[in-house]
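In: Dropping a prediction and its sequence here:
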Amino acid sequence: MRSFRHFLAIDWSGAKGPVQKGIALALADAGGGPPVLVERGRGWSRGDVLALLREDLPDDTLVGMDLGIALPFADCGAYFPRRDVLLPDAPSLWALIDDICAGDPNLGAQSFVDHPEFAPYFRNGRDTGVHFGCDGAAHGRGRFRVTEQAQAEMGCKPYSNFNLVGAAQVGKSSLTGMRVLHRLRGHLPVWPVDPDPGHGSLVVEIYTSLAALESGRSAAKAKMRSFEDLNAALAGLRSPPVAGRGAIEDHSSDALLTAAWLRRVASDRARWAPAGLTRDIARTEGWTFGAL
């Protein structure tokens, strides 16, 4: 089993604006010690994170990004069924989104969800698109990838990447993240869409609730808003505590805990070969690292 020297967890955000308050980065060292926040004085933007991943990433880093790296495909046989041109794989989806959103500032994705050809597949704050479910069926929770079904079986509460409504929605963050993934082509492989080359750095999709569950917290209490709760969860992963007392912002605690979790589970062969991950699923939908 190959090893990494560093573990970087990125809590992502699809919010508008030049700086996204919901973005937090934390780094854990393979040699041990507590995870640490990667600070940026004015806060992180999506462009800042892209620049770090392309230019300033430490060698041999396993990078976990808290977003969906693709849209559902297996359930309907296409990302966008009934469309004349069907996309064959995740990189073609990333390229399409980045092309349509080329004029959106701050690596946003509003142009894609507003596009007349694609808006009918999403649920936004105004209505539910006619293709939100397969074959035009109204599906209350929307479409899910195979990996999200695996998350649910592990006790998580995933949301559809076609859902753009509510505080827990992940659609916008995933779409903006796909723009970043497109711009990382040729710089960093993205597992399992790309095979693990066996050396260097690698990007994987993470779900911070998985880290929380495996630290001993419940799905209902996955968010940690105090150093005391965070350090109790870190202890559950056999990680040293971080310094601090009182309140902590939950994006930061998510990133810190997940960096420690990546360090703990990255050497587990089962995480790299989940039962539901076929070649076709890897190529089209990708997978959430750690979902079994």
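Out: It's in. Numbering: from 1, shown residues only.
In: Okay, and the beta partners of residue 247?
Out: residue 226 (DSSP bridges).
In: What separation do you get for it and residue 47?
Out: From residue 247 across to residue 47, the span is 29 Å (C-beta to C-beta, to the nearest Å). Where you see a C-beta, it was placed from the backbone N, CA and C, and this is true even at glycine.
In: between these two, which one's more packed in?
Out: residue 47 (15 against 11; other C-beta atoms under 10 Å).
In: is it true that the more buried one touches residue 108?
Out: No. Assessed by C-beta atoms under 8 Å, residue 47 is found out of contact with residue 108, at 10.8 Å.
In: Quick check: next helix or strand after the longest helix along the chain?
Out: Selection of the longest helix in the chain by residue count, based on DSSP state H, yields helix 250-265. Going down the chain from helix 250-265, the next helix or strand is helix 279-284, by DSSP states H and E.
In: Can you point out the buried residues in that next one?
Out: By neighbour count with 16 or more other C-beta atoms under 10 Å, helix 279-284 contains the buried residues 281, 282, 283, 284.
In: picking up where we left off before, which other helices and strands contact the longest helix of the chain?
Out: Under the contact definition 3 or more C-beta pairs under 8 Å, 6 or more residues apart in numbering; DSSP states H and E, helix 250-265 sits against strand 6-11, strand 24-29, strand 36-37, strand 61-66, helix 208-214, helix 227-236.
In: ok, residue 114 - how many residues close by?
Out: With other C-beta under 10 Å as criterion, residue 114 counts 14.
In: Need the pLDDT of it.
Out: In this model, residue 114 is scored at 95, pLDDT.
In: Please name the spatially closest residue to the residue most central in space within the chain (chain neighbours excluded).
Out: For the chain, the residue sitting closest to the mean C-alpha position, by C-alpha atoms, centre = their mean, is residue 67 at 2.1 Å. With C-beta to C-beta, 6 or more residues apart in numbering as the criterion, residue 67 has its nearest non-adjacent residue at 3.7 Å, and that residue is residue 177.
In: ok, which stretches of the stretch 51-200 of the chain are helices?
Out: Assigned by DSSP state H, counting those that start in this stretch, the helices in the stretch 51-200 of the chain fall at 90-100, 110-114, 146-153, 171-183.
In: can you list these in JSON lines and add distance to residue 192?
Out: Listed next are these as JSON lines, based on distance: least, C-beta to C-beta, whole Å:
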{"stretch": "helix 90-100", "distance to residue 192": "10"}
{"stretch": "helix 110-114", "distance to residue 192": "24"}
{"stretch": "helix 146-153", "distance to residue 192": "10"}
{"stretch": "helix 171-183", "distance to residue 192": "13"}
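In: of all those helices, which lies closest to residue 227?
Out: Each of the helices of the stretch 51-200 of the chain was scored for nearness to residue 227 using C-beta to C-beta, and the closest is helix 171-183 (25.5 Å).
In: Return the list of helices and strands in contact with the closest one.
Out: Applying 3+ C-beta pairs under 8 Å, 6+ apart, one finds that helix 171-183 contacts helix 46-51, strand 61-66, helix 90-100, helix 110-114.
In: Cheers, nothing more for now.
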